[in-house]
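J.: need coordinates for the below:
(chains A, B, C and D)
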2 protein chains.
Amino acid sequence: MRRSEIRDHLLDTALRLFNQHGYHATGIDLIIAEARVAKTTLYRHFETKEDLILAALERRDEEDRNAMRAFVEQHTSDPVERLLATFDFLETALSDKQFRGCIFVSAAGEHKDGANPVFRAALMHKRLVLAYFEELAHAARFAGPKRIATEINLLHEGAMAVAQMSRIAEPARQAKRMAGQLLAAEERSSSVRGEDAGRRTHAS
Amino acid sequence: MRRSEIRDHLLDTALRLFNQHGYHATGIDLIIAEARVAKTTLYRHFETKEDLILAALERRDEEDRNAMRAFVEQHTSDPVERLLATFDFLETALSDKQFRGCIFVSAAGEHKDGANPVFRAALMHKRLVLAYFEELAHAARFAGPKRIATEINLLHEGAMAVAQMSRIAEPARQAKRMAGQLLAAEERSSSVRGEDAGRRTHAS
DNA sequence: TTTATTCGATACAGATCGGTATCGTTTGGA
DNA sequence: TCCAAACGATACCGATCTGTATCGAATAAA
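T.: From the prediction side, this is the model:
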């Protein structure tokens, strides 16, 4: 394995174990055993365990948001449908047998101090996701895109929290139905091509 | 302190520290230091740390659900308003400066194995809360009380998850507005006193 | 007042934690 | 081909973890 491959492999392994057991419960010794790497090697790539956690979260942050963007954009071009398509993407995540809750929520839950770097990294991810929802809400010409985005976000968080314990993907579908109903009642400025404002959108 | 007082005091202290630092990050030594109790005393009341966690969760489970019931029932007698009043109760919880996320979600997040007793205790709490929502939805004569209850539940979970990171209580108010809007569109069987079915409920 | 129980204090056991030091081997680039 | 860097393996460090053992003092009921 080349140097960059080892680093990636370590991040993959760490993320998998963090998701499976949590952050405190996952020891360095377990990570290197699963990754089949010497302890010295790990500490040559990451100064501390916290650095490893931060690197893992940053990687997943970019991966997740890129994957959601790609999924949504190739799924539909209608701006309102794109907001709803985020729940389809969410459903694929919750459908994973290995899903054990949002790793960023768990990270924040195990590092509750607001000044903790891990907490701040998790918070940053949530802000970026919210910004994407806002971008979609803006493109859909909703009257209050910020509020719409926070509503979509709240539904996402709710679905993930419920699925964390029930271990089923249904909450994603339910959240999508709720979002569809809420969005249908929202005012939108008419588009340049004379689309109806506030028309009822169908939830796929 | 009498024996029962010590036990209660230990549970109080443990719950406070679990909420502040998490479960793994809170050591037995810290708990006994904060509770000003000898280690032998703690282990005379609880066999293991896991037993302490379970006892703490069970206590909070009953406390929380009783408090919500009491809050809701004395707040209004209208069944639909009672469903919405659960969000007012939630707001009081999120307004606490010490709120760092739902302790049951955190417990499940740190004990992710579905067979783990701590996970199961957290799951049980969530089921009982959901059952209460279902009870309220049934009393409000909604056509699909089970679905209504899971929707209310999803909004609660979403508000708590968002508030865990943003550290503000606004998500509770937003969730209430969303719930009010969703419930207003739901069909209800007319009550015996000839109340309007499906009338619009105002969100306080 | 006696007696059994519970308490606090402390020392300690054994395991595990994150992290370092050492050293021989492998490997990739100049 | 040579050399520096990165590798694996392993022993080790001090700290911390959960949990136990010991023992004298406090306490409460009979």
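J.: packing partners for the helix or strand containing A:Leu17?
T.: Using DSSP states H and E, A:Leu17 maps to helix A:3-21. Secondary-structure packing of helix A:3-21 (3 or more Cβ pairs under 8 Å, 6 or more residues apart in numbering or on different chains; DSSP states H and E): helix A:28-35, helix A:39-45, helix A:49-75, helix A:103-110. Where you see a C-beta, it was placed from the backbone N, CA and C, and this is true even at glycine.
J.: let me have the ones you listed in CSV, extended by mean neighbour count and mean pLDDT.
T.: Formatted as CSV, the helices and strands packed on helix A:3-21 follow (neighbours: other Cβ atoms under 10 Å in any protein chain shown; pLDDT from 0 to 100):
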stretch, mean neighbour count, mean pLDDT
helix A:28-35, 16, 97
helix A:39-45, 15, 96
helix A:49-75, 16, 98
helix A:103-110, 25, 98
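J.: what average pLDDT does stretch A:114-131 get?
T.: What stretch A:114-131 shows for mean pLDDT is 98.
J.: cool, and stretch A:148-164?
T.: Mean predicted confidence for stretch A:148-164 is 99.
J.: stretch A:175-187 now?
T.: 96.
J.: could you check whether that stretch is close to chain B?
T.: Yes - contact between stretch A:175-187 and chain B, assessed by Cβ under 8 Å from any Cβ of the partner chain, occurs at A:175, A:178, A:181-182, A:185.
J.: and the residue in chain A positioned nearest to DNA strand D, what does it touch?
T.: The minimum distance from chain A to DNA strand D, using Cβ to the nearest atom of the strand, falls at A:Thr41 (3.0 Å). Contact partners of A:Thr41, counting by Cβ atoms under 8 Å, 6 or more residues apart in numbering or on different chains, are A:6, A:32.
J.: domains of chain A?
T.: A:1-46, A:58-184 (automatic domain parsing).
J.: deepest of these, which one?
T.: Highest mean neighbour count among the domains of chain A (mean count of other Cβ atoms under 10 Å in any protein chain shown): domain A:58-184, with a mean of 19.
J.: between the two ends of that domain, how far is it?
T.: End-to-end distance for domain A:58-184: 35 Å, by Cα to Cα, to the nearest Å.
J.: distance from it to the middle of the chain?
T.: With Cα atoms, centre = their mean, to the nearest Å as the basis, domain A:58-184 stands 5 Å off its chain's centre.
J.: helix or strand: which one has the residue in chain A positioned nearest to chain B?
T.: Per Cβ to the nearest Cβ, A:Gly158 is where chain A lies closest to chain B, at 2.8 Å. Assigned by DSSP H and E, A:Gly158 belongs to helix A:145-166.
J.: compare the helices and strands packed on helix A:3-21 and give me the one nearest B:Tyr132.
T.: Minimum separation from B:Tyr132 across the helices and strands packed on helix A:3-21 (Cβ to Cβ) falls at helix A:103-110, 23.7 Å.
J.: which residues touch the closest one?
T.: A:15, A:18-19, A:22-24, A:53, A:57, A:60-61, A:100, A:118-119, A:121-123, A:125-126, A:157, A:160-161, A:164, B:22, B:24-25, B:101, B:105-106, B:109-110, B:161, B:164-165.
J.: what inclination does that helix have with respect to helix A:49-75?
T.: Computed by axes from the mean of the first three to the mean of the last three Cα atoms, to 10 degrees, the angle separating helix A:103-110 from helix A:49-75 equals 150 degrees.
J.: does DNA strand C have contacts with helix A:103-110?
T.: No - on the criterion Cβ under 7 Å from any atom of the strand, helix A:103-110 is out of touch with DNA strand C, staying 11.7 Å away.
J.: how about the contacts made by the one residue sitting closest to the centre of chain A?
T.: Geometric centre of chain A, nearest residue: A:Asp64, 5.6 Å, by Cα atoms, centre = their mean. Contacts for A:Asp64 (Cβ under 8 Å, 6+ apart) come out as A:125, A:129.
J.: that one and B:Glu34: what is the separation?
T.: From A:Asp64 across to B:Glu34, the span is 38 Å (Cβ to Cβ, to the nearest Å).
J.: what's the answer for A:Cys102, then?
T.: Distance, A:Cys102 to B:Glu34, using Cβ to Cβ: 30 Å.
J.: and what of A:Arg141?
T.: To B:Glu34, A:Arg141 is 54 Å away according to Cβ to Cβ.
J.: same thing with A:Thr150?
T.: Using Cβ to Cβ, we find A:Thr150 at a distance of 37 Å from B:Glu34.
J.: which parts of chain A sit against DNA strand D?
T.: Residues of chain A lying near DNA strand D (Cβ under 7 Å from any atom of the strand): A:1, A:3, A:6, A:36-41, A:44-45.
J.: mind running it again at 6 Å?
T.: Proximity of chain A to DNA strand D, by Cβ under 6 Å from any atom of the strand, involves residues A:3, A:6, A:37-41, A:44.
J.: which pair of these spans the longest distance?
T.: A:Arg3 and A:Lys39 (16.7 Å).
J.: hang on, the earlier thing: doesn't B:Gly158 make contact with the residue of chain A closest to chain B?
T.: Yes - look at A:Gly158 against B:Gly158 with Cβ atoms under 8 Å: they come within range, at 2.8 Å.
J.: what residues does chain A put near DNA strand C?
T.: Neighbours of DNA strand C within chain A, by Cβ under 6 Å from any atom of the strand: A:27-29, A:39-40, A:43, A:48-49.
J.: let me have the residues you listed in a markdown table, extended by distance to B:Glu134.
T.: Output for these, formatted as a markdown table (distance: Cβ to Cβ, whole Å):
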| residue | distance to B:Glu134 |
| --- | --- |
| A:Gly27 | 41 |
| A:Ile28 | 45 |
| A:Asp29 | 46 |
| A:Lys39 | 51 |
| A:Thr40 | 56 |
| A:Tyr43 | 52 |
| A:Thr48 | 47 |
| A:Lys49 | 43 |
